[in-house]
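Colleague: Predicted structure and sequence below. I'll ask about it afterward.
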Amino acid sequence: MKKYRDDFPIFSKISSLIYLDSASTSQKPQCVIDSVSNFYTTYNSNIHRGLYKIAEMATLEVEKARIKISTFINASSPDEIIFTHGTTEGINIIMNGLKKFISEGSAILLTEMEHNSNLVPWQKIAKEKKAKLYYWAIDKNGQLCDEIKDEYNNIVFTSLLDIPLLSIVALCHVSNVLGTIVDIKKIASLLTEKYGDKNKPFIIVDAAQSAPHFSINVQDMGCDFLVFSGHKMMSPTGIGILFGKKKILKEIDPLIYGSQMIREVSKNLTTFTESPQKFESGTLPIEAIIGLSSAIDYLNRIGIKNVRMHEIELTEYAMIKMNKIEGLTIYGPLKSNDRSGAISFSLENIHPHDIAQILGDMNICIRAGHHCAQILHSVLGIQASARVSFYIYNDRDDVDLFISGIKKVKSIFKK
Amino acid sequence: MNNLYREEILEHYRSPQNFGFIENFSIKSKQTNPFCGDEIEIFINWKSTNKYKKKQISVGEISFNGYGCAISIASASILTEYSKGKAINELTKFSQKDMLRLLGVEVSEARKKCALLALGVLRDCLYAT
């Protein structure tokens, strides 16, 4: 995969850069950078309104992007694709839209692995609506347990089907810390089988960590909503995607009111357009949409299956090497097939910040902290962890340099 | 590089000065760094010759407890050592810049919150007195 590295200009500008933080944000290939630059230099204009050629061009490019993304995740229509500013905004739109379906005593189910983005909004609405909030526990290997424990109220449900008045199931497709892959399809089929398609709880998927690496098929998964961010999949920052089933989007209210979403405004009454425009108030980050469109083309050229295969191979290689280091503990699933290319670890009692700082001084970029998953870290019984994560531009040399960096960290703290 | 991890800092991290509790403290305070969970708690026993004049109240005993990275622990160790015997009004004037100077290593923007965690706790103790 060395050839893909050459597509990313940052690696020729900084030849010593070992970038192992793609779960946080990815590097950008030249084609994406060019697409943004090309927009600004040849057809910069606002979309949907202008009656001149460059505005038509920009509008066309944005709507082409919508179609492309719809195909990329196999939505049933481009109208199910809403442009947001990122995963967090997407979840907030969903939370706001679904709140009218949440009643006192109904239940919201999350997992212990959720990123704060897919946790805090639900916590807020649960409190507001006096709904119950349950966290699906994980086992030692970072996989969801069969049973769902509510430790606060000391209740154990032997299956998610036993949770009374379950109205929302919001979960990550892939954990940003453990790399665990959640079998969304299995969960969705269980729920559909019991409640029927019409009455089942809403299933919301945080795909921020999976969309850049996995082949996603929302229809096959059976989810109602799925959200992700562009910048983790090589697009510019500031663009995210919210997929929602058409019939639900029709029923829910937008989060932000203003222009673009409007059909007609009189002094005391406003009527709104349909999805997706209903949810896209204000000027969209056009250049980022165009960049995302180009990133999707790039991913399609490589083949998302190849991206995943490369990741499995590199994760396997890294985990073997990491496991050989005395005092290093890897969190999450043991097999590379069962996990993403994000590997969180601790090293003896050396603080993750110290690990990341020493590696950072060597231009080896890793992440340290709780990765916005404080609940998960308290479940793991640690304050913070260090994390490496891979993408198509990484190779075995990066892993080898990282390993030698880890050895250096050990030697500094050993003295 | 690694100036940050020079031997003096690492020594403070490995065997911090004034680490532990004071049983009969006059004041204690605690802060957490929410980004990494580092936690520092400082205990002070004031010594005063005239309790109405802050000039004459000084640090009798001081200790800290908690967990964190090398920088936050070394800072707490160095700061508590520095504070011993100092009068309240003198410590009130001690700035973030002074803390970084005392630490004696170059700290990046991202690590400043580690280097300044103990100072924040000390200030809480001063304000509460």
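Modeller: Yep, it's here. Numbering: from 1, shown residues only, chains lettered A, B, ... in the order given.
Colleague: All the helices of chain B, in order from the start?
Modeller: B:7-14, B:70-83, B:88-93, B:96-103, B:112-115, B:117-128 (DSSP state H).
Colleague: now swap in the stretch 151-300 of chain A and tell me
Modeller: Under the criterion DSSP state H, counting those that start in this stretch, the stretch 151-300 of chain A contains helices at A:184-199, A:218-221, A:246-251, A:286-302.
Colleague: low-confidence ranges in chain B?
Modeller: Counting by pLDDT under 70, chain B shows low-confidence ranges at B:1-2, B:51-55.
Colleague: what does it put close to chain A?
Modeller: When proximity is defined by CB under 8 Å from any CB of the partner chain, chain B lies next to chain A at B:1-2, B:4-5, B:7, B:10, B:35-38, B:67-71, B:108, B:111, B:114. Heads up, the C-betas are built off the backbone N, CA and C, glycines and all.
Colleague: Was I right to think A:T283 contacts A:R49?
Modeller: No. Between A:T283 and A:R49 no contact is recorded; they are 9.8 Å apart, counting by CB atoms under 8 Å.
Colleague: what about residue 80, how many neighbours?
Modeller: Let's take chain A. Here the count is done by other CB atoms under 10 Å in any protein chain shown, and A:E80 has 24 residues near it.
Colleague: should've been chain B
Modeller: Counted with other CB under 10 Å, the burial measure for B:T80 works out to 25 neighbours.
Colleague: and the gap between the residue nearest to it when sequence neighbours are not counted and chain A?
Modeller: With CB to CB, 6 or more residues apart in numbering or on different chains as the measure, B:N18 is the residue that lies nearest to B:T80, at 4.1 Å, once sequence neighbours are left out. For B:N18, the distance to chain A (CB to the nearest CB, to the nearest Å) stands at 20 Å.
Colleague: which residues does residue 46 contact?
Modeller: Chain wasn't specified; assuming chain A. Counting by CB atoms under 8 Å, 6 or more residues apart in numbering or on different chains, A:N46 makes contact with A:A55, A:A58, A:T283, A:I286.
Colleague: please go with chain B instead
Modeller: Contacts were defined as CB under 8 Å, 6+ apart; by that measure B:W46 touches B:S26, B:I27, B:I57, B:S58, B:V59, B:G60, B:I88, B:T129.
Colleague: Please name the bridge partners of it.
Modeller: Per DSSP bridges, residues listed as beta-bridge partners of B:W46: B:V59.
Colleague: confidence score at the residue nearest to B:C69 when sequence neighbours are not counted?
Modeller: In space, not counting the residues next to it along the chain, B:C69 is nearest to A:H351; the distance is 3.6 Å by CB to CB, 6+ apart. In the predicted model, A:H351 carries a pLDDT score of 94.
Colleague: and what of the one 3 residues further on?
Modeller: Per-residue confidence (pLDDT) for A:D354: 94.
Colleague: can you dump the C-alpha coordinates of the host helix or strand of it into CSV?
Modeller: Assigned by DSSP states H and E, A:D354 belongs to helix A:352-361. Output in CSV follows, covering the C-alpha atoms of helix A:352-361 (Å, rounded to 0.1, in the frame of the first residue of the first chain):
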residue,chain,number,x,y,z
PRO,A,352,-0.5,8.2,28.3
HIS,A,353,0.3,11.9,28.0
ASP,A,354,4.0,11.2,28.6
ILE,A,355,4.0,8.4,26.0
ALA,A,356,2.3,10.6,23.4
GLN,A,357,4.6,13.5,24.2
ILE,A,358,7.8,11.6,23.8
LEU,A,359,6.6,10.0,20.6
GLY,A,360,5.3,13.4,19.4
ASP,A,361,8.8,14.8,19.8
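Colleague: so who does B:G37 touch?
Modeller: By CB under 8 Å, 6+ apart, the residues touching B:G37 are A:H370, A:Q374, A:H377, A:Q383, A:A384.
Colleague: If you could redo that for A:M234, that was the one I meant.
Modeller: When contacts are counted by CB under 8 Å, 6+ apart, A:M234 touches A:S26, A:Q27, A:K28, A:P29, A:V32, A:P212, A:A295, A:Y298, A:L299.
Colleague: one step back: which PyMOL command selects the buried ones in the residues of chain B next to chain A?
Modeller: In PyMOL, this line selects whichever of the residues of chain B next to chain A come out buried by 16 or more other CB atoms under 10 Å in any protein chain shown:
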select buried, chain B and resi 4+5+10+36+37+38+68+69+70+71+111+114
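Colleague: Which pair of the contacts of A:N46 spans the longest distance?
Modeller: Distances among those were taken as CB to CB; the most separated pair is A:A55 and A:T283, at 12.5 Å.
Colleague: Which residue of those two possesses the greater neighbour count?
Modeller: The residue with more neighbours, out of A:A55 and A:T283 and counting by other CB under 10 Å, is A:A55; that gives 17 against 13.
Colleague: Secondary structure element holding that one?
Modeller: With secondary structure defined by DSSP H and E, A:A55 is part of helix A:53-72.
Colleague: Only the buried residues of that helix, if you could.
Modeller: Buried residues in helix A:53-72, counting neighbours by 16+ other CB under 10 Å, are found at A:A55, A:M57, A:A58, A:T59, A:E61, A:V62, A:A65, A:R66, A:K68, A:I69, A:S70, A:F72.
Colleague: Between helix B:7-14 and the helix holding A:D354, find me the angle.
Modeller: For helix A:352-361 against helix B:7-14, the angle between stretch directions is 160 degrees (axes from the mean of the first three to the mean of the last three CA atoms, to 10 degrees).
Colleague: Other residues contacting helix A:352-361?
Modeller: Helix A:352-361 is touched from outside by A:346-347, A:365-369, A:384-386, A:402, A:405-406, A:408-409, A:412-413, B:1-2, B:4-5, B:36, B:69-71, B:108, B:111, B:114, with contacts defined as CB under 8 Å, 6+ apart.
Colleague: Now with 6 Å, please.
Modeller: Judged by CB atoms under 6 Å, 6 or more residues apart in numbering or on different chains, the contacts made with helix A:352-361 from elsewhere in the structure are A:L347, A:I366, A:A368, A:A384, A:S385, A:A386, A:G405, A:V409, B:M1, B:C36, B:C69, B:A70.
Colleague: Tell me, how many residues neighbour residue 124?
Modeller: This is for chain A. A:K124 sits with 13 neighbouring residues when counted by other CB under 10 Å.
Colleague: my bad, the chain I had in mind was chain B
Modeller: Counted by other CB under 10 Å, the residues lying close to B:D124 total 16.
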